[in-house]
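Undergrad: This is the structure alone, sequence omitted:
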């Protein structure tokens with residue numbers, strides 16, 4: 001089953017029924033979870049993220065051991081109850097105290113529960129979510145100007161791409177836009193400048209860059225960028241903590257890709273229990289076998 005990634009195909013190859021294979025998957029995961037032990041100091045850096053489960057606003061929350069590169073558990077929902085369940089069912093009080101940092105986006109439920117249950121953990125806002133806020137603000141400024149500024153037509157991705165990834169044609173167009181006095185060009189410059197905060201070597205330096213950036217944005221008059229700046233002010237400590245820990249949700253995002261592959265192969269899941277077991281079977285790094293191979 002781990003080779004095929006497919007319960008139906010496994011049933012065919014093993015000449016048995018889907019129900020038997022499905023039962024083996026659930027039993028193996030239950031066995032693996034009972035056997036799992038976290039050694040002292042092994043679990044110190046976590047990631048929390050969400051993943052869509054069914055259509056609409058139906059999500060699961062995923063708890064990831066970033067250093068161990070494994071999914072610890074999955075809970076249905078992304079509210080306070082789901083987050084508490086992830087942390088209390090999988091970590092003892094002592095283990096909760098050992099957590100040093102948790103990477104996450106700016107979802108309030110995740111932040112509140114981590115602050116309540118993990119007394120020694122720093123909240124680290126994911127670098128890629130921070131950059132997404134900035135790119136969205138640049139694009140919002142572009143949308144407001146594009147109807148009256150022909151130079152901005154068909155340039156959405158030119159302004160959102162990393163400058164080093166632009167084609168030759170896109171690069172010349174980008175340079176042309178940046179030589180204007182348009183709000184889009186100013187917004188891009190402000191977004192790019194924020195990287196000085198994330199690239200800082202020291203905490204004090206990061207705070208200094210952060211304060212200077214906020215002042216520049218507030219003086220700019222750019223509404224979309226000011227909205228982002230206000231969001232960043234409210235989450236400043238979590239942003240600056242990135243400089244301290246240098247962790248992101250990149251590992252968690254990779255698991256999200258693997259989970260999407262599981263969904264695609266199964267053509268979706270109606271049962272959360274089936275979805276959770278499949279995720280942990282393939283990504284939990286559990287001891288699944290009923291006996292040891294010599």
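TA: Thanks, I have it. Values in this document were obtained by computation on a predicted structure and should not be read as measured data.

Undergrad: need the helices for the stretch 101-250 of the chain, in chain order.
TA: 108-117, 127-145, 156-160, 168-178, 183-193, 195-198, 203-220, 223-234, 236-245, 250-266 (DSSP state H, counting those that start in this stretch).

Undergrad: Residues contacting the last one, please?
TA: Spelled out, it's helix 250-266. Contacts of helix 250-266 with the rest of the structure, by Cβ atoms under 8 Å, 6 or more residues apart in numbering, involve 5-7, 47-49, 51, 62, 64, 66, 69, 71, 103, 128, 269, 275, 278-279, 282-283. (Each C-beta comes from the backbone N, C-alpha and C, glycine too.)

Undergrad: Next, the angle helix 127-145 makes with that helix.
TA: Calculated by axes from the mean of the first three to the mean of the last three Cα atoms, to 10 degrees, helix 250-266 forms an angle of 80 degrees with helix 127-145.

Undergrad: List the buried residues of helix 250-266.
TA: The neighbour-count check on helix 250-266 (16 or more other Cβ atoms under 10 Å) flags 251-252, 255-256, 259, 262-263, 266 as buried.

Undergrad: what's the answer for stretch 189-202, then?
TA: In terms of neighbour count (16+ other Cβ under 10 Å), stretch 189-202 has its buried residues at 190-191, 194, 197-198, 200.

Undergrad: cool, and stretch 49-56?
TA: Residues of stretch 49-56 classed as buried by neighbour count (16+ other Cβ under 10 Å): 49-51, 53.

Undergrad: now, which of those residues sits nearest residue 148?
TA: Residue 148 lies nearest to residue 50 out of those, by Cβ to Cβ, at 37.9 Å.

Undergrad: The host helix or strand of that closest one versus helix 108-117: what angle between them?
TA: Secondary structure from DSSP states H and E places residue 50 in strand 45-54. Put simply, strand 45-54 runs at 140 degrees to helix 108-117, going by the same axes, to 10 degrees.

Undergrad: these two touch, right, residue 170 and residue 160?
TA: No - at 10.7 Å, residue 170 does not count as touching residue 160 under the criterion of Cβ atoms under 8 Å.

Undergrad: any idea how far residue 73 is from the residue nearest to residue 117 when sequence neighbours are not counted?
TA: Excluding its sequence neighbours, the residue lying closest to residue 117 (Cβ to Cβ, 6 or more residues apart in numbering) is residue 87, at 5.0 Å. Distance of residue 87 to residue 73, given as Cβ to Cβ, to the nearest Å: 9 Å.

Undergrad: more neighbours, these two?
TA: Taking residue 87 and residue 73 together and counting by other Cβ atoms under 10 Å, residue 87 has the greater number of neighbours (24 against 19).

Undergrad: give me every residue that touches that one.
TA: When contacts are counted by Cβ under 8 Å, 6+ apart, residue 87 touches 63, 96, 113-114, 117-118.

Undergrad: out of everything not next to it in sequence, what's closest to the most centrally placed residue in the chain?
TA: Per Cα atoms, centre = their mean, the C-alpha nearest to the average position across the chain is that of residue 249, at 4.4 Å. Nearest non-adjacent residue to residue 249, counting by Cβ to Cβ, 6+ apart: residue 126, 4.2 Å away.

Undergrad: circling back to that earlier point, pull out the buried residues from the contacts of helix 250-266.
TA: Listed as buried from those are 5, 7, 47-49, 51, 62, 64, 66, 71, 103, 269, 275, 278-279, 282-283; burial here means 16+ other Cβ under 10 Å.

Undergrad: So which of these are in strands?
TA: If you go by DSSP state E, the buried ones among the contacts of helix 250-266 have 47-49, 51, 62, 64, 71, 103 in strands.

Undergrad: Farthest pair within these?
TA: The largest separation in these, counting by Cβ to Cβ, is between 51 and 103 at 15.3 Å.

Undergrad: Nearest to residue 133 among the buried residues of helix 250-266?
TA: Residue 133 lies nearest to residue 252 out of those, by Cβ to Cβ, at 17.8 Å.

Undergrad: how long is stretch 38-45 end to end?
TA: Chord length of stretch 38-45, first to last residue, is 13 Å (Cα to Cα, to the nearest Å).
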